[in-house]
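Asker: with the input below, show me the fold.
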Amino acid sequence: MTSFVPTDISGLWGWWDANVGVTGGTSVTAWADQSGNNRTFVATTGQEPTTVTSAINGLPAISSYGLLAKMSTSVNCPNMSTGGTIFIVGKQSLNNGATNFDSSGVFIGAGSSVNFQIQRGLTTTGLLASIRGAINSTAYASSTDVVGEDIFKSIRLAYDGTTNAISINNGLEQQTASSGGSFTATPIQLFKTLGGAQGNKQIAMALIYNRTLTPTEIGQVESYLQTKFNHY
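Answerer: Prediction:
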């Protein structure tokens, strides 16, 4: 029996694996899409991220190393106004290369079409954080569990055309009704900055499906991520 891979499920718009298709090491200039759709992330000149070797389960991750890194696609975010599902394996590092964390630094974003953020926790040291995100909506779904920084997590954001739902490590979904946002055709960015310092985020994998996955399909992807990264 052939092992599951993300392309086994229809609607895979983009798939980025830090172990494959990375151009450059200490200065990453491009991160190739493994979905077959050629939606490669390209770094802004002078704002290249870096590769962290053996970041998680012996596998690498792409790091924003502080204030500067930014990558974007040459094509616009898919229109997910009727549904979409995004998976990220990532973390916010304590070694952030800055004196503070952005209160809403973004792992991945595209205008008002999708925003996948990590929020600094309610501590003076910033050792705790929560995750929130939304697709085609300004009403964010937020994790209720506090997430320790410098710990890789699987973060899943799903939108069914009505409700955003977010889950950490395939746990209980936290749901928020859509506020009626609309699709904005803009390129997808990694490590997008809001309001100042973005800190040091690391991403080992990102998957974007341009439809709402079924519970069975979500289970397949989550099992694949857990088997690969062994992070919970």
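Asker: how about the residue nearest to the spatial centre of the chain, what does it touch?
Answerer: Centroid-nearest residue in the chain: I88, 3.9 Å away (criterion: CA atoms, centre = their mean). Neighbour list for I88: F107, I108, F116, S154, I155, I203, M205, A206, L207 [criterion: CB atoms under 8 Å, 6 or more residues apart in numbering]. C-beta: built from backbone N, CA, C; applies to glycine.
Asker: okay, now the closest residue to V114 other than its chain neighbours: neighbour count?
Answerer: Once flanking residues are discounted, V114 sits nearest to I135: 5.0 Å by CB to CB, 6 or more residues apart in numbering. As a burial measure, I135 scores 29 neighbours (other CB atoms under 10 Å).
Asker: and what of L59?
Answerer: L59 has 18 neighbouring residues, counting by other CB under 10 Å.
Asker: and for T82?
Answerer: 14.
Asker: for the closest residue to it other than its chain neighbours, what is the enclosing helix or strand?
Answerer: Using CB to CB, 6+ apart and skipping the chain neighbours, the partner closest in space to T82 is G161 (4.5 Å). When elements are assigned from DSSP states H and E, G161 belongs to no helix and no strand.
Asker: which ones are touching G161?
Answerer: S81, T82, G83, S178, T212.
Asker: in TSV: these, plus pLDDT, distance to W31 and secondary structure.
Answerer: Shown next, in TSV, are the contacts of G161 (pLDDT from 0 to 100; distance: CB to CB, whole Å; DSSP: H, G, I helix; E, B strand; the rest coil):
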residue	pLDDT	distance to W31	secondary structure
S81	87	26	coil
T82	90	28	coil
G83	92	25	coil
S178	79	30	coil
T212	96	26	coil
